[in-house]
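> Okay, structure incoming, though there's no sequence with it:
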């Protein structure tokens with residue numbers, strides 16, 4: 001049982017196992033600076049993209065560690081536990097749909113960025129559309145969408161710490177000290193080793209996750225039985241509460257939720273590789289062929305995700321308690337408490353280590369990706385155009401620290417029950433960059449100012465609409481050993497689906513915003529072209545989108561110095 005329910009305080013064996021693996025990955029993080037050693041780490045190509053030299057196997061682990069996160073291990077089964085299929089199971093089909101999409105367009109992005117020495121998708125937008133403001137919009141959106149995603153990783157670590165009996169003190173600093181220490185260590189080795197650190201640690205993380213999932217699935221099949229598991233989930237999710245009212249969740253999607261489920265899956269699939277951390281992992285690859293191979297073999301992770309999602313139903317069948325050390329119910333504790341409930345302490349520790357490392361790896365990549373965006377598309381573009389590669393790398397390292405601790409502050413005040421909706425809100429934002437990036441890979445017909453206006457309107461619509469989705473601000477606490485539910489007003493950002501304009505059909509807000517974005521971009525483009533407003537100069541040519549070679553004089557091949565600085569600026573601006 002959980003530390004709270006068992007009354008045993010800190011779980012020593014579990015904590016020892018987690019600390020062992022934490023020390024292992026920390027050592028690996030610091031040693032990664034010597035792995036695939038470069039002549040110099042003083043450039044974003046080396047620090048932020050790992051030298052652009054990762055092959056198929058390393059890229060597979062890096063992308064797996066990047067995309068399958070604490071969100072996968074904690075938030076998805078928590079959503080299955082709390083509300084069922086629509087908010088939880090949609091994650092399974094969306095990861096299946098995503099890979100054929102990236103098989104088509106991501107090699108083109110890799111080629112053009114490799115050709116010109118571009119580090120971020122905003123670099124591509126800058127060169128393609130000759131618009132620093134559109135590139136700024138893409139960069140700011142990427143940073144904004146990344147923050148709740150990093151915060152969600154911290155929610156996973158918090159769930160593990162809570163289950164092991166850490167963080168129960170009433171003093172806020174003592175309560176969150178283990179989390180602060182973990183992120184301070186993460187910040188240190190990311191600062192020194194850059195992208196090489198999470199790439200190396202991902203080997204440990206993915207191995208642990210596969211071991212835990214195989215054992216958990218075997219246990220469910222033998223000890224619980226899939227029939228009993230689904231029966232218990234159906235009863236919980238379809239039975240109205242004693243006070244009356246609707247059922248608490250959705251066991252099987254019905255006609256009323258088809259569009260919500262489908263658009264959540266499809267919209268999330270489109271958004272997945274728009275995130276800066278996904279782009280960073282892809283751009284660190286050695287060739288176009290590496291990306292295509294990974295698009296073909298990464299769906300193996302989707303099978304793992306399906307098994308993970310079902311752990312939410314297993315927690316229902318086992319009547320797993322989800323009360324934290326503070327006595328408050330938190331669905332994010334469903335899987336950690338389930339492992340604590342059914343496995344020996346040593347194996348529960350292995351599972352907790354998998355969750356914690358599964359949070360640290362993507363958090364590191366996300367902070368690096370956000371730092372790359374800030375450095376290249378905000379700092380150098382608007383504040384220091386003559387920044388050398390060495391100076392860029394130093395700024396990137398500092399910004400990666402700021403991003404991590406900004407996310408830490410964000411999560412300490414985050415409503416844990418709302419964690420998955422905050423991540424989906426990030427999806428609403430990041431999907432609005434698809435028009436400029438993905439459509440821009442195939443045509444430059446859309447006008448730069450039309451793209452900027454479409455992005456702005458879609459961002460406002462998506463954010464305001466998401467804010468207006470309210471749910472009762474309900475809290476369940478243990479009072480004298482019995483759960484007591486209280487409702488205190490409403491909570492905003494309570495759902496990521498809303499009625500499509502002029503209908504009563506609920507869809508994922510990001511998809512509606514994307515349609516608005518596209519319509520505005522097309523209409524305004526027609527107007528601006530009729531008015532003969534300049535669309536700027538395209539820095540790319542057709543061959544750039546198929547090339548496996550960098551052009552001579554790109555940023556990746558330059559060293560510090562005045563002449564190099566001029567060439568860097570010329571390469572990135574076209």
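Structure's in. What do you need? Just so it is clear, the model here is predicted, and its values are computed rather than measured.
> pretty sure residue 264 contacts residue 506?
No: counting by C-beta atoms under 8 Å, residue 264 does not reach residue 506; the two are 10.0 Å apart. Placement of C-beta: from N, CA and C, glycine included.
> and for the two, which residues touch both?
Shared contacts of residue 264 and residue 506 (C-beta atoms under 8 Å, 6 or more residues apart in numbering): residue 497.
> These two: who's more crowded?
The neighbour comparison of residue 264 against residue 506 (other C-beta atoms under 10 Å) goes to residue 264, with 28 against 21.
> quick one: contacts for the more buried one?
Taking C-beta under 8 Å, 6+ apart as the contact definition, residue 264 lies against 86, 87, 90, 94, 424, 496, 497, 508.
> Can you give me the pLDDT of it?
Per-residue pLDDT puts residue 264 at 91.
> Quick check: which of the contacts of residue 264 has the minimum pLDDT.
residue 424 (70).
> In this model residue 496 seems to touch that residue, though I could be wrong.
Yes: between residue 424 and residue 496 there is a contact under C-beta under 8 Å: 3.7 Å.
> what is in contact with these two at once?
In contact with both residue 424 and residue 496: 264, 508, 510, using C-beta under 8 Å, 6+ apart.
> Those residues in helices, which ones?
Judged by DSSP state H, those include 264, 510 as members of helices.
> Could you dump the shared contacts of residue 424 and residue 496 into JSON lines and include distance to residue 210?
Below are the shared contacts of residue 424 and residue 496 laid out as JSON lines (distance: C-beta to C-beta, whole Å):
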{"residue": "264", "distance to residue 210": "26"}
{"residue": "508", "distance to residue 210": "30"}
{"residue": "510", "distance to residue 210": "31"}
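> Go through the shared contacts of residue 424 and residue 496 and name the one nearest residue 386.
Checking the shared contacts of residue 424 and residue 496 against residue 386 by C-beta to C-beta gives residue 510 as the nearest, at 38.4 Å.
> Would you check that that closest one makes contact with residue 431?
Yes: the criterion here is C-beta under 8 Å, and residue 510 meets it with residue 431 at 4.5 Å.
> Mind listing the shared neighbours of those two?
Joint contacts of residue 510 and residue 431 (C-beta under 8 Å, 6+ apart) are 267, 271.
> neighbour count winner among those two?
residue 510 (31 against 27).
> now that one: how far from residue 114?
29 Å (C-beta to C-beta, to the nearest Å).
> can you check residue 218 too?
For residue 218 relative to residue 114 (C-beta to C-beta), the value is 43 Å.
> neighbour count winner among those two?
residue 114 (24 against 10).
> wouldn't the more buried one be in contact with residue 545 here?
No: the pair residue 114 / residue 545 is not scored as a contact, 10.7 Å apart, by C-beta under 8 Å.
> what about residue 424 and residue 496, which has more around it?
Higher neighbour count among residue 424 and residue 496: residue 496, with 27 against 24, using other C-beta under 10 Å.
> quick one: contacts for that one?
Residue 496 touches 264, 421, 424, 425, 427, 428, 466, 469, 508, 509, 510, counting by C-beta under 8 Å, 6+ apart.
> Okay, and the fifth one sits in which element?
In this structure, residue 427 sits in helix 419-430 according to DSSP states H and E.
> Can you name the element that comes right after that helix?
Following helix 419-430 toward the C-terminus (DSSP H and E): helix 434-437.
> Just give me how far that next one sits from the chain centre.
Chain-centre distance of helix 434-437: 19 Å, with C-alpha atoms, centre = their mean, to the nearest Å.
> which residues sit against that helix?
109, 121, 124-125, 129, 134, 137-138, 270-271, 274, 446, 451, 454-455, 514, 517-518, 521.
> dump the residue contacts of the nearest residue to residue 484 once chain neighbours are set aside.
Spatial nearest neighbour of residue 484, chain neighbours left out: residue 477 (5.8 Å); criterion: C-beta to C-beta, 6 or more residues apart in numbering. Each residue near residue 477 by C-beta under 8 Å, 6+ apart is listed here: 323, 327, 328, 329, 483, 484, 486.
> now with 10 Å?
323, 324, 326, 327, 328, 329, 483, 484, 485, 486 (C-beta atoms under 10 Å, 6 or more residues apart in numbering).
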